[in-house]
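>>> what's the 3D shape of this:
(one chain, ligands or ions: 1)
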Amino acid sequence: MRSASVIIVGAGVMGASVAYHLAVRGWREVLMIDRSEGPGQGSTGVATGGFRAQYGTAINVRLSLLARERFLRFRDEIGVDPGYLPAGYLWLAQTRAELDILRAGLEVQQAEGLQEATEVSVDDIGLINPAVLRDDVIGGTFCPTDGFITPLQVLNGYLAAARRAGARVEWQTAVTGLIRDHGGPIVGVETSRGRIATEAVVNAAGAWAAELAEHAGVSLPITPLRRQIAATVPCGLLPPTTPMTIFAGDGFHFRGRDGRVLLLWPTPGVNGKPFDISVDREWIDTVTAMARRRVPILRNVAIDMACCRAGLYEMSPDRHALLGPAPGCDNLFLINGSSGHGVMHAPALGQLLAEIMSDGAASSLDVGALSPSRFAEGRPNPRSGLL
Ligand SMILES: Cc1cc2nc3c(=O)[nH]c(=O)nc-3n(C[C@H](O)[C@H](O)[C@H](O)COP(=O)(O)OP(=O)(O)OC[C@H]3O[C@@H](n4cnc5c(N)ncnc54)[C@H](O)[C@@H]3O)c2cc1C
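Predicted coordinates:
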C-alpha cells in the first residue's frame with residue numbers, strides 16, 4: 001500500500017498553504033489530493049480577490065494583519081506576485097444602526113493596531129470613490145491598506161513553493177473514505193485510485209468539508225452558500241485603484257477588475273440544492289438595477305453574461321474559521337469555515353495549522369477563538385452585521 005506522512009484533502013488555497021508551511025517545517029511525504037482536474041476548480045478560482053482587515057472581531061483582524069505581513073513578503077518568500085494592491089475598502093452606512101456597527105468594528109480594529117482604519121464623512125466618501133451616489137449614505141469607514149489580492153496567483157504560488165519544498169499533489173483523485181483504527185486515529189484514506197496509509201489528514205475540502213469529515217464519523221458545522229458575481233463588459237470606467245465599496249446594510253459591493261466592473265450582492269443559495277452554482281438571471285437583473293441606481297456611471301454599461309459566475313462560500317455558524325484537531329478525532333486537522341474570507345486568510349491559517357501540527361499549539365497567534373469545539377462548548381464568536 002502507498003503511504004504519506006500527511007494527506008491534505010483539497011488543493012485549493014487552504015490545502016496549498018498548509019502543504020507549503022508543513023513542507024518548509026521539514027515534514028516529509030506531504031501529499032495533497034484533489035478530485036478536480038487542476039488548480040483553481042473549487043472556490044479559490046472564483047473568488048473576487050478582496051483583502052481586508054476591517055472586521056468586527058479581534059481574531060479576524062489579527063488573521064488579516066498576519067496575512068498582510070505575509071503578502072508583503074510573498075514575492076520574496078514564494079517567488080510569485082500575490083497581487084496585493086492596497087486600494088482600500090470603503091464601507092457605507094445608510095442608517096444610524098449600520099453606522100454604529102461600523103464604529104464598533106473600528107474600535108476593535110484600532111485596538112488591534114489597525115490605526116489607518118478611520119471613520120469617513122459623506123464628503124470624504126465622495127473623494128475616496130466619486131463613482132458612488134451618496135444621496136442616502138450617512139457615513140462610513142475606510143481602511144487604505146485593505147484592497148485586493150489575486151487568488152490564482154496566491155494559490156499557484158503556494159502550490160509551486162510546496163512542490164519545491166518536497167510536497168506532492170495528485171489531481172483527479174477523490175477521497176472516498178477515511179479509515180479509523182477501531183474508532184481511534186485515522187490510519188489511511190480510501191481514494192478513487194486506491195488506499196493510502198497515513199499518520200494525519202488535513203481537511204482542506206472547502207465547501208465540501210462536512211462531507212469529508214463525515215467519512216471519519218465527525219460532524220462538522222460547515223455549509224455551502226452560493227455567491228454570484230455579475231461582470232460588466234470591458235468598460236474601463238473604474239480604475240483598478242478604486243476601493244472595494246460595500247453597502248453595510250445589504251452587502252451590495254463592487255470593484256473594478258481587468259477593465260470590467262464586478263457586482264456582488266449576497267443572497268441565500270438555491271432552495272434544496274446547497275451545492276448548486278448556476279447563475280440566476282433574475283439575480284443578475286436585480287443586482288444590475290441596484291448598481292445602476294447606486295453607481296450612476298454604470299447606467300449604460302451592459303452585463304457580459306459569459307463572464308458572470310458563481311461559487312461556494314464555506315460557511316461556519318459564527319462566520320469564523322475552524323482551525324485545529326477535530327473534536328473526537330485527534331489526527332484529523334481542520335482548516336475550514338472561513339466563510340468567504342479564505343483567500344485573504346490562507347497565509348495566516350496555513351502557517352498557524354502547521355504550528356499546531358508540528359508543535360502541538362500555534363505560536364504566532366492565540367487561536368482559541370477558532371477552536372473547532374467552541375460551538376459544542378457554547379462559546380461561538382460574536383457576529384456583527386456583515387463585518
Ligand atoms: C464568489 C466568491 C467570491 C469570493 N471572494 C473572496 C474574496 O474576495 N476574498 C477572499 O479572501 N475570499 C473570497 N471568497 C472565499 C474563498 O474563495 C474561499 O474562502 C477559499 O477559496 C477557500 O479555499 P479552500 O482551499 O478551502 O477551498 P477550495 O478552493 O474550494 O478548495 C477545496 C478543494 O477541495 C477539493 N475536494 C473537496 N472534497 C474532496 C474530496 N472528497 N476528494 C478530493 N478533493 C476534494 C475540491 O476539489 C477543491 O479543489 C470568495 C468565494 C466566492 C465563491
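>>> measure the closest residue to residue 41 other than its chain neighbours to residue 381 for me?
Excluding its sequence neighbours, the residue lying closest to residue 41 (C-beta to C-beta, 6 or more residues apart in numbering) is residue 34, at 7.9 Å. C-beta coordinates here come from the backbone N, C-alpha and C atoms, glycine included. To residue 381, residue 34 is 29 Å away according to C-beta to C-beta, to the nearest Å.
>>> so which of those two has more stuff around it?
residue 34 (25 against 19; other C-beta atoms under 10 Å).
>>> OK, contacts around that one?
For residue 34, the contact set (C-beta atoms under 8 Å, 6 or more residues apart in numbering) comprises 9, 10, 11, 12, 15, 41, 42, 169, 170, 171, 173.
>>> tell me which of those residues fall in helices.
Counted as lying in helices by DSSP state H, out of those, are residue 15.
>>> which of the contacts of residue 34 are buried?
9, 10, 11, 12, 15, 42, 169, 170, 173 (16 or more other C-beta atoms under 10 Å).
>>> do I have it right that the second one meets residue 44?
No - checked against C-beta atoms under 8 Å, the pair residue 10 and residue 44 is beyond contact range at 9.7 Å.
>>> shared neighbours of these two, anything?
With C-beta under 8 Å, 6+ apart, residue 10 and residue 44 have common neighbours residue 206.
>>> which residues of the stretch 201-350 of the chain lie near the ligand?
Taking C-beta under 6 Å from any ligand atom as the contact definition, the stretch 201-350 of the chain meets the ligand at 204-208, 212, 227, 229, 311-314, 338, 340-344.
>>> kindly recompute the last result at 8 Å.
204-209, 211-212, 226-229, 244, 264, 309-314, 335-336, 338-346 (C-beta under 8 Å from any ligand atom).
>>> among these, name the buried ones.
For these, a burial check counting by 16+ other C-beta under 10 Å picks out 204-209, 212, 226-229, 244, 264, 310-314, 335-336, 338-346.
>>> mind checking which of those are in helices?
Reading helices off those with DSSP H, I get 209, 212, 342, 343, 344, 345, 346.
>>> the first one reaches residue 315, doesn't it?
No - counting by C-beta under 8 Å, residue 315 is not a contact partner of residue 209; they are 10.5 Å apart.
>>> please enumerate the shared neighbours of the two.
222, 337.
>>> what about residue 100, which helix or strand?
Take DSSP states H and E as the rule and residue 100 turns out to sit in helix 96-111.
>>> before we move on, what about residue 125?
helix 122-128.
>>> ranges for the strands of the stretch 1-150 of the chain?
In the stretch 1-150 of the chain, the segments counted as strands under DSSP state E, counting those that start in this stretch are 2-9, 30-33, 50-51, 89-93, 118-120, 139-143, 147-148.
>>> which one of those lies nearest to residue 281?
For residue 281, the closest of the strands of the stretch 1-150 of the chain is strand 50-51, at 25.0 Å, according to C-beta to C-beta.
>>> the helices in the stretch 201-350 of the chain, which residues?
Ranges of helices in the stretch 201-350 of the chain, per DSSP state H, counting those that start in this stretch, are 209-214, 281-294, 342-359.
>>> tell me the angle the longest one makes with strand 2-9.
Read that as helix 342-359. 140 degrees (axes from the mean of the first three to the mean of the last three C-alpha atoms, to 10 degrees).
>>> residues of helix 342-359 that come out buried?
Applying 16+ other C-beta under 10 Å to helix 342-359 flags 342-357 as buried.
>>> okay, buried residues for stretch 233-248 please.
In stretch 233-248, counting by 16+ other C-beta under 10 Å, buried: 235, 237, 238, 242, 243, 244, 245, 246, 247, 248.
>>> ok, the fourth one to the ligand distance?
Read it as residue 242. 15 Å (C-beta to the nearest ligand atom, to the nearest Å).
>>> residue 94 versus that residue, what's the distance?
The value you get for residue 242 to residue 94, if C-beta to C-beta is used, is 20 Å.
>>> now residue 216: how far from the ligand?
12 Å.
>>> show me what contacts that residue?
Taking C-beta under 8 Å, 6+ apart as the test, what residue 216 contacts is 178, 180, 186, 201, 326, 329, 332.
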